[in-house]
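Prediction below, plus the sequence it came from.
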Amino acid sequence: MDRPASPADIASPALYLDGIPHEGFADIRETEGLVWHSYGPAGDEHADGGFWAVTRHADVREVSRCPELFSSAIGHTNLWDLEADALEARRSLIDSDAPDHTRLRRVVSRAFTPKNTRAWEGMARDIAAELIEDFVSAGGGDWVEQVAAPLPIRVILAILGVPLEDADHLVELTNHLVEGTGDGSSLPDDAYGNTTPTRLLPFNSPASHALFEYAEKMRLLRLAEPGDDLVTALLEAEADGERLSASEYRNFFQLLVFAGNETTRTAMIHGAMAFAEHPDQWAALRDDPTLIAGAVDEVIRWATPILHMRRTATADTELAGTPIAEGDKVVMWYAGANRDPEVFADPFRFDITRTDNPHFAFGGGGPHFCLGAFLARMEIQVLFEEMASRGVVLESRTPPVRLASNFVHGVGSLDLAVAADGGA
Amino acid sequence: MSDPVRLIVDVDRCIGIGQCELLEPEVFELGDEDAISRVAAGATLDRVRALAVVEACPSMAISIEA
């Protein structure tokens, strides 16, 4: 089959060192139908690693909302395929279809309802206030290390019931997981005492082994001594009369520590950067705190912390007028959809007063919609509220150090100053 | 409120994402025990808002009562 080739490269991780390749996304969005993007081991002419690049808002929505046609359970939800045993060993909520997904999702949805999220707000606000005050006292510094990384990890650890003294260890582990989405891990395969072949581990990373060991430690602790926390709830939860299996539990623990941390951190980084670069928007929020809800969604659209998710076609079908064959990889690029001018007026303007902001930073709908959406929104809200109420004004000093990842819109460090009148 | 309509949640499709409660907290609430969305007794919405919440449900579990 003759497949129309992509007019631009949007998959090479190194591109992302300069930020999202928005021009490439625009070229693909503007090409009629879908385009086939090559992907695979360099120099391997037999590599069949290509994918359909889905970059328009309407098309991402369609793929996302048709899980029967576009499976999460086949191949992998990242660009590269996994061998069957690896896929099975690594399977979590993200890599599942109904009915397994439905069963697992219902177990964990109970923990992340709007009501539960509200109950965590005071705790999150206290942590945010402390981190902001320290950042202001220091006159600024690395926003990632001092605010954006510790806030979500402390919140998710409090929710899980994990001791605070382990926070730094878990931040380190999740940082290593992100490397696994880029050009490879900086860790040797046997790091943290790992003996499992890394291809069987989430993110191909020995850090996953360490997270699994930590999950097991928490499991034993909470079995002996149940607490009012999410680990206890997960261990006690029953779905259709069954408890979570050992593998389901540890993959889910791993997912929560990663997803409940890395993505929210990324939104807080891009949000701070956006407010530093658009002082009129920050002034508007300080003047009118009721703008916060819209500001949070605009920060999340602007950040698009997860750049894509992949599905695999379960049957021959058609999307945007382009035929898709059973087994083809279909990749939803939220990074493209969230700047689609068909949906967002002036999409490259950071505008906290947008009234219609149907961004896909939590996914394009369908059953895999972000489990932590309320939690993420709440954390981002309390952070910027606590900053605004203190009159803190951030200023850029040097360009951010971005990560070479086509999966997370990651920033390794971001040097920000607190303006002279800030924090007064 | 012109043209008020009632809403129905398909409990087999609902997986407790909670967009309905976010948009229309007077009408929808997720159950504490099962996180399945429930419609408050007698609750109605005008058709425009009802269509918006139907559209917003990621698991396509909400419909308008015929």
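Sure, I can see it.

what does the stretch 201-350 of chain A put close to chain B?
Proximity of the stretch 201-350 of chain A to chain B, by CB under 8 Å from any CB of the partner chain, involves no residues. Just so you know, the C-beta spots here come from the backbone N, C-alpha and C atoms, and that holds for glycine as well.

Now do the buried residues in stretch A:338-347.
When neighbours are counted by 16 or more other CB atoms under 10 Å in any protein chain shown, the buried residues of stretch A:338-347 are found to be A:338-340, A:343-344, A:347.

got a list of contacts for that stretch?
Under the criterion CB atoms under 8 Å, 6 or more residues apart in numbering or on different chains, residues A:22, A:25-26, A:29, A:55-58, A:301, A:304, A:337, A:348, A:354, A:357-361 lie in contact with stretch A:338-347.

What about the residue in the stretch 51-200 of chain A that chain B sits nearest to, how many residues nearby?
Distances between the stretch 51-200 of chain A and chain B by CB to the nearest CB are smallest at A:Ser109, namely 3.0 Å. For A:Ser109, the neighbour count with other CB atoms under 10 Å in any protein chain shown is 19.

wouldn't it be in contact with B:Ala35 here?
Yes. With contact defined as CB atoms under 8 Å, A:Ser109 and B:Ala35 form a contacting pair (3.9 Å).

Now the common contact residues for those two.
Taking CB under 8 Å, 6+ apart as the contact criterion, the common neighbours of A:Ser109 and B:Ala35 are B:15-16, B:18.

From those residues, list the ones also adjacent to chain A.
The residues of those that also fall near chain A, by CB under 8 Å from any CB, are B:15-16, B:18.

For A:Ala5, which residues are in contact?
Contact analysis of A:Ala5 by CB under 8 Å, 6+ apart lists A:35-36, A:38.

Look up which residues are beta-bridged to it.
Beta-bridge pairing of A:Ala5, defined through DSSP bridges, involves A:Trp36.

I'd assumed A:Leu230 was in contact with A:Arg222.
No. Taking contacts as CB under 8 Å, A:Arg222 lies outside contact range of A:Leu230: 9.6 Å.

Now do the shared contacts for the two.
Residues within reach of A:Arg222 and of A:Leu230 at once, by CB under 8 Å, 6+ apart, are A:Gly161.

Was I right to think A:Tyr192 contacts A:Leu201?
No. A:Tyr192 lies out of contact with A:Leu201 (CB under 8 Å); the separation is 10.8 Å.

These two - which one has more neighbours?
It is A:Leu201, of A:Tyr192 and A:Leu201, that has more neighbours when counted by other CB under 10 Å, with 24 against 18.

and the nearest residue to that one once chain neighbours are set aside, what element?
With CB to CB, 6 or more residues apart in numbering or on different chains as the criterion, A:Leu201 has its nearest non-adjacent residue at 4.0 Å, and that residue is A:Ser208. Using DSSP states H and E, A:Ser208 sits in helix A:206-224.

From one end of stretch A:302-319 to the other, what's the distance?
Stretch A:302-319 stretches 26 Å from its first residue to its last (CA to CA, to the nearest Å).

what's the spacing between that stretch and its chain's center?
Taking the mean of its C-alpha atoms, stretch A:302-319 sits 14 Å from the chain's own mean (CA atoms, centre = their mean, to the nearest Å).

who's in contact with the closest residue to A:Thr117 other than its chain neighbours?
If you skip the residues right next to it in sequence, A:Thr117 has A:Phe374 as its closest partner in space, 4.1 Å away by CB to CB, 6+ apart. Shown here is A:Phe374, whose contacts under the criterion CB under 8 Å, 6+ apart are A:112-114, A:117, B:18, B:22.

Quick check: A:Arg286 is in a helix.
Yes. Following the definition DSSP: H, G, I helix; E, B strand; the rest coil, A:Arg286 is counted among the residues of a helix.

give me every residue that touches it.
Under the criterion of CB under 8 Å, 6+ apart, the neighbours of A:Arg286 are A:388, A:391.

one more time with 6 Å, if that's ok
Shown here is A:Arg286, whose contacts under the criterion CB atoms under 6 Å, 6 or more residues apart in numbering or on different chains are A:Ala388.

number of nearby residues for the closest residue in space to A:Ile156 that isn't next to it in sequence?
In space, A:Ile156 comes closest to A:Gly260 once its chain neighbours are excluded; the distance is 3.7 Å by CB to CB, 6+ apart. The number of residues packed near A:Gly260 is 25, by other CB under 10 Å.
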